[in-house]
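Visitor: Whatever this is, show me its structure:
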Amino acid sequence: MKLSILDQVPVPADMTVTDAFEASVQLAKTVEELGYQRYWVAEHHDFIGLACPNPDTLLTLVGAQTNKINLGAGAVLLPHYSPFKIAETYNLLSVLFPGRIDLGLGRAPGGSAEVSIALSGNYLEKVRTYPESVKTLNRFIKNQPHDNNLYNKIKAVPLPNKQPNLWMLGTSEKSAELAVKEKLNYVFGHFMSSAQGPEIVSHYKNTFKQIYEQTPETMIAVSVICAETTQEAKKIARSTALWTSFNEKPLYSQIPSYEEAEQFKGTQEEEATIKKTMSKMIVGNPQSVIQQLNELRKLYRTDELMLVTNTYDYADRIKSFKLIAKEGQLI
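Guide: Next up, the predicted model:
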């Protein structure tokens, strides 16, 4: 079983953005030592509780302080950007860190409607043309001919010796179909939506193999919290769930302390929502977590899982990954 990390760069209560970036660099250095395959950074805009609007910049800092772990964006939200500009940026990263760069692509807004307007103007129009943008980016990265003659006159320099690895991130049949069409590897966001996930991934793999006579790489992104005891893991997870359970009217803009989470007494409906959120996470002691991860891996028939772990205390996030690495025999 291969394990990787998706870092959303959380800013818990009582922490600063500077704390978050320092914790993320330390996280990347630690998981490299622990034997994890990849360290990816998520993109979010104007979120008090999430610090990184630009994975590219943070990856440069992380790359300079690590040696071998694959680095990537999970994901670059392509509707906001020019495909040519993204190709230039990730080609440059691939020159700086040869053979280590992944480029995950997504079409989510990553922020409010106002943020989308500020970033890209007519976001819905950019979503409509997203498949074409993915195609254009793919051609620039692979240095292949374009349908547009204007684009055939330019290259996304610098051209690295080893191109970035392209991945499509999604939670739907539509994203999987686009991944097949553009011959991209696929990440399914199980932590965002587990609806028909195994069927979507299975259909993607079968279709890909039929067309290209190759087996593609897949990853499943899942929310995980591991502690020495299940009781401790649930305490940590409740804090995280309070932060993520109420998207339209958040109870907390940042991950609350464990004490505050324990003292919170919600309505019956609120408590049911928190419980539902926690049920979608893998929470427990090392033996239980590894067992659940293996079950998920077999369900999706994938070799690699990407773990998302947000905790109030950064030390608990590191500890979670250490316990999983040890029980999963990564080290």
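Visitor: all helices of the chain, in order?
Guide: 17-34, 55-64, 83-96, 113-120, 123-128, 130-142, 173-181, 197-212, 230-244, 258-263, 268-279, 286-300, 314-327 (DSSP state H).
Visitor: any residues touching the last one, and which ones?
Guide: Think helix 314-327. Applying CB atoms under 8 Å, 6 or more residues apart in numbering, the contact partners of helix 314-327 are 3, 5, 12, 15, 19, 23, 26-27, 30-31, 34-36, 224-228, 236, 286-287, 289-290, 293, 307, 309-311, 330-331. The way it works is simple: take the backbone N, C-alpha and C, and place the C-beta from them, glycine included.
Visitor: Just the buried subset of the residues you listed, please.
Guide: Buried members of these, counted by 16 or more other CB atoms under 10 Å: 3, 5, 12, 15, 23, 27, 30-31, 34, 36, 224-227, 236, 286, 289-290, 293, 307, 309-311, 330.
Visitor: Tell me if I'm right that Ser245 and Leu251 touch.
Guide: Yes: assessed by CB atoms under 8 Å, Ser245 is found in contact with Leu251 at 7.5 Å.
Visitor: Mind checking which of the two has more residues around it?
Guide: Ser245 (20 against 15; other CB atoms under 10 Å).
Visitor: what sits against the nearest residue to that one once chain neighbours are set aside?
Guide: Take Ser245 and drop its neighbours on the chain: the residue closest to it by CB to CB, 6 or more residues apart in numbering is Thr277, 4.4 Å away. Residues counted as contacts of Thr277 (CB under 8 Å, 6+ apart) are Ala241, Thr244, Ser245.
Visitor: residue ranges with poor pLDDT in this structure?
Guide: By pLDDT under 70, the low-scoring segments of the chain are 331.
Visitor: What is the neighbour count of the residue nearest to Pro145 when sequence neighbours are not counted?
Guide: Nearest residue to Pro145, sequence neighbours excluded (CB to CB, 6+ apart): Asn152, at 5.9 Å. Residue crowding around Asn152 was assessed by other CB under 10 Å; the count is 12.
Visitor: right, and Asn152 touches Phe140 too?
Guide: No: under the criterion of CB under 8 Å, Asn152 makes no contact with Phe140, lying 10.8 Å away.
Visitor: From Ala108, how far out is Tyr130?
Guide: Applying CB to CB, to the nearest Å, the value for Tyr130 to Ala108 is 11 Å.
Visitor: Equivalent analysis for Thr267, please.
Guide: Distance from Thr267 to Ala108, by CB to CB: 30 Å.
Visitor: which one of the contacts of Thr277 sits closest to Leu59?
Guide: The nearest member of the contacts of Thr277 to Leu59, counting by CB to CB, is Thr244 at 24.4 Å.
Visitor: Please name the nearest non-neighbouring residue to the closest one.
Guide: Leaving aside its sequence neighbours, Thr244 is closest to Thr277 (6.0 Å, by CB to CB, 6+ apart).
Visitor: what's the answer for Val17, then?
Guide: Ala51 (4.8 Å).
Visitor: right, and that neighbour touches Val9 too?
Guide: Yes: the criterion here is CB under 8 Å, and Ala51 meets it with Val9 at 4.3 Å.
Visitor: Quick one: end-to-end length of stretch 97-113, please.
Guide: 35 Å (CA to CA, to the nearest Å).
Visitor: Can you give me the buried ones in that stretch?
Guide: Buried-residue list, stretch 97-113, by 16+ other CB under 10 Å: 97, 100-111.
Visitor: Leaving out the residues flanking it, which one is nearest to Ser4?
Guide: That would be Arg38: by CB to CB, 6+ apart, it lies 3.7 Å from Ser4.
Visitor: do the same with Glu114
Guide: Nearest one to Glu114, counting by CB to CB, 6+ apart, is Asp46 at 8.0 Å.
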